[in-house]
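**Q** Need coordinates for the following:
(one chain, ligands or ions: 1)
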Amino acid sequence: MSKIVLLEKIHPNAVQYLTEHGFTDIEQVPRALSGPALLDALQGAAAVGIRSNTHLTAEVLQALPSLQAIGCFCIGTNQVDLQAAAMRGIPVFNAPYSNTRSVAELVIAQAILLLRRIPEKNAKAHRGVWDKNAQGAYEVRNKTLGIIGYGNIGAQVGILAESVGMQVRYYDPESKLPLGNARPLPLAEVLAQSDVVTLHVPGGPGTVKLMDGARLALMKKTAVLINASRGGVVDIEALDAALGEGRLAGAALDVFPTEPKSEKEEFISPLRGRDNVILTPHIGGSTEEAQANIGREVAEKLVRFLGAGTTRSAVNFPEIAHQAKEVVSRILNVHRNEPGVIARMNAEYAALGLNIVAQHLQTKGPIGYAITDVDEAIPPELMSKLCGAPAVIRCHLI
Ligand code: NAI
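**A** The predicted structure follows:
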């Protein structure tokens with residue numbers, strides 16, 4: 001039975017899913033571990049589940065020869081040395097889409113609050129000012145929502161926006177199927193036509209300061225900007241200037257170029273103190289539901305890998321789609337991506353009189369991954385022959 005260790009208070013859904021699928025040897029540690037304590041806890045484990053505070057470095061992975069899979073029960077995977085894991089034949093899984101709905105709901109809420117000027121009314125009420133003025137307060141119905149980045153979250157925001165009566169326009173450099181009333185437009189057109197502009201692009205060099213002074217200047221004076229994607233996507237100084245000069249009606253930001261690493265660190269931003277700006281501490285995807293979804297999604301990926309060798313959606317590994325194991329023996333073989341590895345491996349099967357029923361191969365960079373199905377039992381002593389080629393990194397029977 002494969003031992004699985006779950007650190008950092010992973011949602012109970014994970015344990016439930018694992019046990020329902022026959023993985024009952026589960027050890028849980030409610031906090032992040034490091035150093036010798038981490039190595040002690042993970043000795044003999046086939047899989048480990050972590051969140052963002054446990055660091056699985058190349059040195060840690062080297063000390064854990066039995067580890068076959070890593071589940072990051074979160075979105076980010078920076079805490080794992082992905083390349084070192086791949087080179088040791090260990091796929092890493094995460095849950096990139098479990099919090100899509102949480103982000104989308106927050107964006108719609110912010111759009112409604114900003115168009116009604118609620119942040120300002122709220123701030124004034126806290127200061128004892130009773131401002132009942134309707135000027136500049138609008139319904140979202142029949143207004144235009146502009147989505148920059150029509151991916152998982154962007155498309156979901158579009159669906160919710162249409163259900164409250166908004167017209168949806170979007171810009172995405174990739175061709176995307178428009179859902180509902182959504183229509184693609186060039187970026188400048190989306191910015192010029194929208195009453196609410198919301199950003200759902202990836203981070204990285206391609207989107208740094210995507211919303212710079214020039215693009216902010218294309219937006220209507222009455223429009224608002226929402227960013228729950230990545231902090232670097234908006235030029236904060238340019239946004240601050242546009243808000244200060246009344247060239248934008250408001251903004252909601254959930255992500256920032258520099259974010260405090262913990263509650264103990266002060267949050268610094270030029271936008272602090274602006275009544276028409278909603279500031280939230282990167283909680284767009286932080287809901288109980290998202291945590292529950294993450295628990296189930298990553299547990300399912302671990303079960304599929306340990307039970308059938310499936311690597312679909314692994315972040316560092318050749319991806320092989322799920323094929324239920326309906327044969328007696330399935331051999332998982334991770335090898336260096338070199339010419340002739342499969343030919344040599346298959347020659348060994350033939351030499352041992354083993355008939356291959358099905359075989360799936362995928363490569364990614366320096367790694368090749370093959371799943372081979374054989375409809376008879378393979379004695380353990382034959383495995384050393386099947387797995388003996390010099391290019392083999394990891395090879396075992398399930
Ligand atoms: P996704 O990869 O599904 O969608 C991103 C879309 O942006 C893709 O369709 C892509 O073609 C498009 N895109 C790329 N470059 C672009 C550009 N220059 N202009 C316009 N579109 C561009 O990503 P997903 O899952 O929808 O996430 C979107 C963002 O939300 C990511 O940056 C992610 O890190 C962030 N996020 C934030 C959370 C929070 O707590 N605030 C939680 C979850 C995700």
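**Q** residue in the stretch 101-250 of the chain nearest to the ligand?
**A** The nearest approach of the stretch 101-250 of the chain to the ligand comes at Gly151, 1.7 Å away (Cβ to the nearest ligand atom). Every residue, glycine included, has its C-beta placed from N, CA and C.
**Q** Go ahead and confirm Tyr138 touches Arg116.
**A** Yes - if you go by Cβ atoms under 8 Å, Tyr138 and Arg116 touch, sitting 7.1 Å apart.
**Q** My guess is Asn355 contacts Val374. True?
**A** Yes - if you go by Cβ under 8 Å, Asn355 and Val374 touch, sitting 6.7 Å apart.
**Q** So which of the two has more stuff around it?
**A** The residue with more neighbours, out of Asn355 and Val374, is Val374; 21 against 10, by other Cβ atoms under 10 Å.
**Q** ok, that one - contacts?
**A** Shown in contact with Val374 (Cβ atoms under 8 Å, 6 or more residues apart in numbering): Val327, Val328, Ser329, Arg330, Ile331, Tyr349, Leu354, Asn355, Ile356, Val357.
**Q** if we go to 6 Å?
**A** Neighbour list for Val374: Ser329, Leu354 [criterion: Cβ atoms under 6 Å, 6 or more residues apart in numbering].
**Q** how near is it to Leu382?
**A** 10 Å (Cβ to Cβ, to the nearest Å).
**Q** Name the residue closest to the centre of the protein, please.
**A** Centroid-nearest residue in the chain: Pro96, 2.3 Å away (criterion: Cα atoms, centre = their mean).
**Q** Now that one. Nearest residue, chain neighbours left out?
**A** Take Pro96 and drop its neighbours on the chain: the residue closest to it by Cβ to Cβ, 6 or more residues apart in numbering is Ile75, 5.8 Å away.
**Q** Could you tell me how many residues sit around the closest residue to the ligand within the stretch 251-398 of the chain?
**A** Per Cβ to the nearest ligand atom, Gly284 is where the stretch 251-398 of the chain lies closest to the ligand, at 2.8 Å. By the criterion of other Cβ under 10 Å, Gly284 has 24 neighbours.
**Q** With Thr287 instead?
**A** 17.
**Q** Please name the nearest non-neighbouring residue to it.
**A** Ser102 (4.3 Å).
**Q** and the one you found, what does it touch?
**A** Neighbours of Ser102 in contact, by Cβ under 6 Å, 6+ apart: Gly285, Thr287, Ala290.
**Q** switch the cut-off to 7 Å
**A** Gly284, Gly285, Thr287, Glu289, Ala290 (Cβ atoms under 7 Å, 6 or more residues apart in numbering).
**Q** so it sits in a helix?
**A** Yes - under DSSP: H, G, I helix; E, B strand; the rest coil, Ser102 sits within a helix.
**Q** What count of nearby residues applies to the closest residue to Ile367 other than its chain neighbours?
**A** Spatial nearest neighbour of Ile367, chain neighbours left out: Ala86 (5.3 Å); criterion: Cβ to Cβ, 6+ apart. Counted with other Cβ under 10 Å, residues neighbouring Ala86 total 23.
**Q** and the stretch 251-398 of the chain, which residues reach the ligand?
**A** Proximity of the stretch 251-398 of the chain to the ligand is confined to Asp254, Val255, His282, Gly284, Gly285 under the rule Cβ under 6 Å from any ligand atom.
**Q** Now, of the residues you listed, which are buried?
**A** Listed as buried from those are Asp254, Val255, Gly284, Gly285; burial here means 16 or more other Cβ atoms under 10 Å.
**Q** So the third one is in contact with Ser229, correct?
**A** No - with contacts counted by Cβ atoms under 7 Å, Gly284 stays clear of Ser229, the gap being 8.7 Å.
**Q** ok so, going back, list the contacts of the residue of the stretch 251-398 of the chain closest to the ligand.
**A** The contact partners of Gly284, by Cβ under 7 Å, 6+ apart, come to Ser102, Val103, Leu106, Ala228, Asp254.
**Q** what's the helix or strand for it?
**A** Here Gly284 is covered by no helix or strand, with elements defined by DSSP states H and E.
**Q** if we can go back for a sec, need the pLDDT of the nearest residue to the residue of the stretch 101-250 of the chain closest to the ligand once chain neighbours are set aside.
**A** In space, and not counting its chain neighbours, Gly151 is closest to His200: 6.2 Å by Cβ to Cβ, 6+ apart. The model reports His200 with a pLDDT of 98.
**Q** Pretty sure Thr363 sits in a strand.
**A** Yes - applying three-state DSSP, one finds Thr363 inside a strand.
**Q** Based on its surroundings, how many neighbours for it?
**A** As a burial measure, Thr363 scores 15 neighbours (other Cβ under 10 Å).
**Q** Likewise for Leu64?
**A** Leu64 has 19 neighbouring residues, counting by other Cβ under 10 Å.
**Q** now do the one 5 residues further on
**A** Neighbour count of Ala69, defined by other Cβ under 10 Å: 26.
**Q** what sits opposite it in the beta ladder?
**A** Ala47 (DSSP bridges).
**Q** contacting residues around it?
**A** Counting by Cβ under 7 Å, 6+ apart, the residues that Ala69 touches are Ala47, Ile90, Pro91, Leu302, Phe305, Leu306.
**Q** top of those by neighbour count?
**A** With neighbours defined as other Cβ under 10 Å, the most crowded of the contacts of Ala69 is Pro91; it has 30 neighbours.
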